[in-house]
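Asker: Need the 3D shape of this:
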Amino acid sequence: MSHQGEDISLQPEEGWHCTHMYYEFDRDAIHSYSEEELSEGRKAFIETLTPDSDSRAPQRLQVFAVSGHKADFGVMMLDPDPLKLDSVHQTLLSGPLGPAICSTYSFVSITEVSEYVPSVEQYGQRLVKEGEEEGSPGYQAKLKAYGAREVAMRKQRLYPEFPAWPAMCFYPMNKKRKVGENWFTLDFSERNRLMGEHARSGMKFAGKVTQLISVALGFDDWEWGVTLWARNPAFLKDIVYKMRFDEASARYAEFGPFYAGYVMSPEEVLKHCKV
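Answerer: Numbering: from 1, shown residues only. Predicted structure coming up:
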């Protein structure tokens, strides 16, 4: 089939492709390596997962050790080109340590700005509903402040920077499609109200936790992926517990497995995993 003359691109019109990969080391395979082979494998592992070492590296790449038995380490990557993300995975598995690295889980998604994030105009309408007089100094000040935040907020959601915080977790989620609890049959105004309540709960953790929600509809088994970073691991527990009581979560959300991790360099991951 020819696509000559067609405008074809793997890059989204806005946002980046996002991939979470989780791996474990095969200890038996590692023990079969000679010291020279292991040294070569460590070097290749570090080069593959160090973004500055390769011009083919994704725009964003973060490595972390994973707590528990689900994986030994994980990699989160973002880039306009999905094949660049997959190339990191393939390079890791085809490298010298490849026979000793097993994939345990992955999640493929794209960054987005949620439809529930109000535009500047919609925020102005919300201010009026909350009692502000349209055109008043207070109204104008709040609208201007939101307009400035909205630009930065959109950029962070579409082209996120990783925070310099040590603790993180990832989990996939769906919105229910059950009789009496079907999120997708609710009017937008009701969904918007529920998500507004949910967002206000999250705002209480500003400075402690930051998040990225990516959409996986059409890409993976779950609909959304949630990545949380925290200044302290306990804050992850606190925010998830707090937000579970919001109706959008308590009544309409379904959750997949949770992966908790701690951000490290590739060298630190190898040391932590005793490789």
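Asker: Output the helix or strand where Ala260 lies as CSV, nothing but the C-alphas.
Answerer: Per DSSP states H and E, Ala260 falls inside strand 259-263. Extracted in CSV, the C-alpha atoms of strand 259-263 (Å, rounded to 0.1, in the frame of the first residue of the first chain):
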residue,chain,number,x,y,z
TYR,A,259,4.5,0.2,41.2
ALA,A,260,6.4,2.2,43.8
GLY,A,261,10.0,3.3,43.0
TYR,A,262,12.9,5.5,44.0
VAL,A,263,14.6,7.6,41.4
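Asker: what sits up against that strand?
Answerer: 20, 22, 62-68, 70-71, 73-74, 105, 162, 165-171, 229, 233, 236 (CB atoms under 8 Å, 6 or more residues apart in numbering). For glycine as for every other residue, the C-beta is placed from the backbone atoms N, C-alpha and C.
Asker: if you set the cut-off to 6 Å instead, what comes out?
Answerer: Residues outside strand 259-263 that contact it (CB atoms under 6 Å, 6 or more residues apart in numbering) are 64-67, 74, 166, 168-170.
Asker: And those, which is closest to Gly41?
Answerer: Among the contacts of strand 259-263, Ala65 lies closest to Gly41 (CB to CB), at 17.9 Å.
Asker: Give me the neighbour count for the closest one.
Answerer: When counting by other CB atoms under 10 Å, one arrives at 19 neighbours for Ala65.
Asker: Check the gap between it and Glu268 for me.
Answerer: 8 Å (CB to CB, to the nearest Å).
Asker: Equivalent analysis for Arg244, please.
Answerer: 32 Å.
Asker: Looking at the two, which has the bigger crowd around it?
Answerer: Glu268 (15 against 12).
Asker: what residues does the helix or strand hosting the more buried one touch?
Answerer: Taking DSSP H and E as the criterion, Glu268 maps to helix 266-272. Outside helix 266-272, the residues within contact range by CB under 6 Å, 6+ apart are 42, 46, 49-50, 63, 65, 73.
Asker: and if we set it to 10 Å?
Answerer: 23, 25, 38, 41-42, 45-50, 53, 61, 63-66, 72-75, 97, 262-265, 275 (CB atoms under 10 Å, 6 or more residues apart in numbering).
Asker: Quick check on these: which are buried?
Answerer: Neighbour counting by 16 or more other CB atoms under 10 Å classes 23, 25, 38, 41-42, 45-46, 48-49, 61, 63-66, 72-75, 97, 262-264, 275 among the contacts of helix 266-272 as buried.
Asker: Give the burial count for Met241, as a bare number.
Answerer: Check again: residue 241 is Tyr, not Met. Neighbours of Tyr241 using other CB under 10 Å come to 9.
Asker: before we move on, the earlier item: what's the mean pLDDT across the helix holding Glu268?
Answerer: In this model, helix 266-272 has a mean pLDDT of 98.
Asker: and that helix, how far out from the chain's middle?
Answerer: 22 Å (CA atoms, centre = their mean, to the nearest Å).
Asker: Pull out the buried positions in that helix.
Answerer: 266, 269-270.
Asker: for stretch 202-210, same thing?
Answerer: Neighbour-count burial for stretch 202-210 [16+ other CB under 10 Å]: 202, 205, 208-210.
Asker: Inside strands: which ones of these?
Answerer: In strands, defined here by DSSP state E, the members of those are 209-210.
Asker: what's around Ser9, how many residues?
Answerer: 8.
Asker: same question, Gln122
Answerer: 12.
Asker: any idea how far Glu112 is from it?
Answerer: For Gln122 relative to Glu112 (CB to CB), the value is 17 Å.
Asker: who does the longest strand along the chain pair up with?
Answerer: If you go by DSSP E, the chain has its longest strand at strand 101-111. Here strand 101-111 is paired, per DSSP bridges, with strand 17-25 (antiparallel), strand 209-215 (antiparallel).
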